[in-house]
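Student: Build the 3D model from these lines:
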Amino acid sequence: MPEKRKSTRAHKKTHDAAAKRERERMVPRDVVPEGALSPLDDLEDFELADGVPDVTGWDVVDANGRRVGDVHTILVDTAAGAPRYLDIEVDHAVMDTDDDRHLLIPVGCARVDAQDDRIQVTTLEADALAGTPLYDHRPVTREFEQSVRRCHSARLADAPPAEEDFYASQMYDARRFWADRGVDWERPLVVRRAD
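Tutor: Numbers count the residues shown, from 1 in each chain. As a prediction, this is how the structure comes out:
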């Protein structure tokens with residue numbers, strides 16, 4: 001009987017350690033900044049401009065072409081009228097879990113394929129997803145954005161801009177994302193819906 005208790009305690013200790021690691025990966029986001037990012041599909045007054053492909057539901061592959069998941073939605077900076085992140089729903093097999101997992105990918109770290117309806121994330125490998133902060137659909141703070149930036153910046157060799165110019169980086173350059181689809185860069189990518 002004592003052996004069973006020891007085994008149960010060891011299991012609980014292992015489970016508690018795994019739960020703690022999971023909580024540490026989920027960055028707390030309890031402060032909502034002005035000009036907050038919003039999922040495009042939650043915004044009744046905004047849409048992608050004509051000629052800008054809606055990538056929602058498209059396959060997402062890593063830098064090596066391995067499928068990672070699909071695009072759940074696009075997070076938009078409504079103050080700037082610009083897409084900032086892709087919300088990626090990760091395939092269960094990739095992260096070896098039955099739980100739903102989402103990641104934010106800066107739009108400039110990904111590319112829309114020229115012919116196929118798929119996205120390639122050039123700064124991510126499926127084998128390295130364990131260290132990527134998880135997105136839980138709460139409001140995004142600058143602290144969380146900085147943790148996402150750290151995960152992708154090494155591959156871009158992109159110096160982080162000053163705080164007041166946070167999005168002035170190739171990491172958030174939507175032209176890089178839609179470059180192979182002939183998008184008109186002379187007008188906004190995200191616009192108010194016409195009534």
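
Student: Which other helices and strands does the host helix or strand of H152 contact?
Tutor: Secondary structure assignment for H152, by DSSP states H and E: helix 142-156. Here helix 142-156 touches strand 101-106, going by 3 or more CB pairs under 8 Å, 6 or more residues apart in numbering; DSSP states H and E. For glycine as for every other residue, the C-beta is placed from the backbone atoms N, C-alpha and C.

Student: related to what we said a few turns ago, angle of the helix holding H152 against strand 101-106?
Tutor: 70 degrees (axes from the mean of the first three to the mean of the last three CA atoms, to 10 degrees).

Student: For helix 142-156, buried residues please.
Tutor: 144-145, 148-149, 151-153, 156 (16 or more other CB atoms under 10 Å).

Student: which stretches of the chain have low pLDDT?
Tutor: Residues of the chain meeting the criterion pLDDT under 70: 1-35, 154-164, 185, 195.

Student: Now with 80, please.
Tutor: For the chain, the stretches with pLDDT under 80 are 1-36, 95-98, 126-131, 153-165, 180-188, 194-195.

Student: The helix holding H152: what's the following helix or strand?
Tutor: Reading on from helix 142-156 to the C-terminus, the next helix or strand found by DSSP H and E is helix 174-177.

Student: and that next one, C-alpha only, in CSV?
Tutor: C-alpha atoms of helix 174-177 as CSV (Å, rounded to 0.1, in the frame of the first residue of the first chain):
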residue,chain,number,x,y,z
ALA,A,174,2.2,43.3,-44.4
ARG,A,175,3.7,43.9,-47.9
ARG,A,176,6.1,41.1,-47.1
PHE,A,177,3.1,38.8,-46.3
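
Student: Give me the most central residue, this protein.
Tutor: L104 (1.1 Å; CA atoms, centre = their mean).

Student: Touching, that one and E89? I think so.
Tutor: No. With contact defined as CB atoms under 8 Å, L104 does not reach E89; the gap is 11.4 Å.
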